[in-house]
Structure formats: C-alpha cells, structure tokens
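**Q** give me the fold of what follows.
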Amino acid sequence: MTDAGATFLKLAGSLDYPLFIVTASDGGRREGCVIGFATQCSFDPARFLACLSRENRTYRFALRAEALAVHLVPRSQLALAKLFGGETGDEIDKFERCEWHPGPRGLPILDRCPSWFAGEILARHDLGDHVGFWLEPFEVHYEEGEQNIYFQEVKAVIEPGHPAT
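**A** Take a look at the predicted model:
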C-alpha cells in the first residue's frame, strides 16, 4: 500500500456514518449483516448505494437477490448491531436470535429497527473489496425520535464476524 493509501485509510477511518443492517431473503433462507459503507446517491429519482464486503456471506446471498432491506440501527439496539456485525451466517442463524417479520417481497424486517427501507437492486458495481448494490426504494418506514448508532461508537466493540476488508 502506498503512503497516500495508508493515510487515506486513516482519514476515512475517522469519518462517522450511521450504522446500517442489510437483510435479504430468497423466500426460504435469510441473511443479514452490518455494512460500513453506504450513502444516498440521488434525490430524484431516489437512489441508495449499499456496499457489501466480498468476504461476507450476505454479499454472496445478495448476488442472487432482487431486493434488499436497509435498516437504521437505534442507539438502544447495540446487541442487535453486535449480532449482525459480530456473527456470521456461516455459523449461526442470526434471525433465530432476534425479533423480525416478513416484509415486502419477503424481506426480513428487524422489529427493533423502526426506520428502514426496501429497495430493488438496479445494478451491482465492482468497488474493489466491496460490491455496491444500487437500490431504488419501493417501501420506506421512518420513525423520528431515538438517535441512531454511528460507526465510530461501535467499531471498537464489534469484532467483525468475517475478516474485515
């Protein structure tokens, strides 16, 4: 890695983003994980970019999915963040350890995350060690009130369930 690359990683590592959990389903199986890179990328039409690590089981599952659900994680739900960020679906069924319900298109919706959206996958973009899933929201739930967890608050307390890349 170049000096500029190493310095950039320090700079980018100091940024603070909301913590998101992405979930997917194929009708029978469910997957979900915390993602570290995500952003709204258009106002009109509404678009969102959710980036999943190639090392993650949810990424491999999302390659075959038509839609994803993206959840904002409330500050009161640190245990949920640890479950979806610190465990891997290669070893456990995370959904057996939390409250959820089937949402639009059968997507698993986390009951403890009142703000979420379901988005159709319009395209997948190679972004290096991550793949960007370009989403068009088709159902959105937003609840004001509780503060959300931000990445800097939890990066020292959640050991990734798979190698961090």
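**Q** which residue is the nearest non-sequential neighbour of Tyr17?
**A** Phe151 (5.0 Å; CB to CB, 6 or more residues apart in numbering). Using the backbone N, CA and C atoms, a C-beta is placed for each residue, glycine as well.
**Q** just Ser115 next, same as before
**A** Spatial nearest neighbour of Ser115, chain neighbours left out: Leu72 (4.3 Å); criterion: CB to CB, 6+ apart.
**Q** how many other residues sit next to the one you found?
**A** Using other CB atoms under 10 Å, Leu72 is surrounded by 20 other residues.
**Q** so how far is Ala38 from it?
**A** Distance of Leu72 to Ala38, computed by CB to CB, to the nearest Å: 10 Å.
**Q** find residues that contact each of those two.
**A** Taking CB atoms under 8 Å, 6 or more residues apart in numbering as the criterion, Leu72 and Ala38 both touch 18, 20.
**Q** before we move on, the earlier item: for the residue nearest to Tyr17, phi and psi?
**A** Note on Phe151: backbone dihedrals following degrees, to the nearest 10 are phi -50, psi -50.
**Q** quick one: residues contacting it.
**A** Counting by CB under 8 Å, 6+ apart, Phe151 makes contact with 15-19, 36.
**Q** quick one: which of these has the most company?
**A** Counting neighbours by other CB under 10 Å, the top entry in the contacts of Phe151 is Leu19, with 29 neighbours.
**Q** confirm Ala12 sits in a helix?
**A** Yes: membership of Ala12 in a helix is supported by DSSP: H, G, I helix; E, B strand; the rest coil.
**Q** roughly how far does it sit from Gly36?
**A** Using CB to CB, Ala12 is found at 10 Å from Gly36.
**Q** ok, now Phe8?
**A** Taken as CB to CB, the span from Phe8 to Gly36 is 15 Å.
**Q** go on, Lys10?
**A** Distance of Lys10 to Gly36, computed by CB to CB: 15 Å.
**Q** same thing with Phe48?
**A** Taking CB to CB, one finds Phe48 at 15 Å from Gly36.
**Q** with Leu80 instead?
**A** 16 Å.
**Q** again, but for Lys82
**A** Counting by CB to CB - Lys82 and Gly36 are separated by 15 Å.
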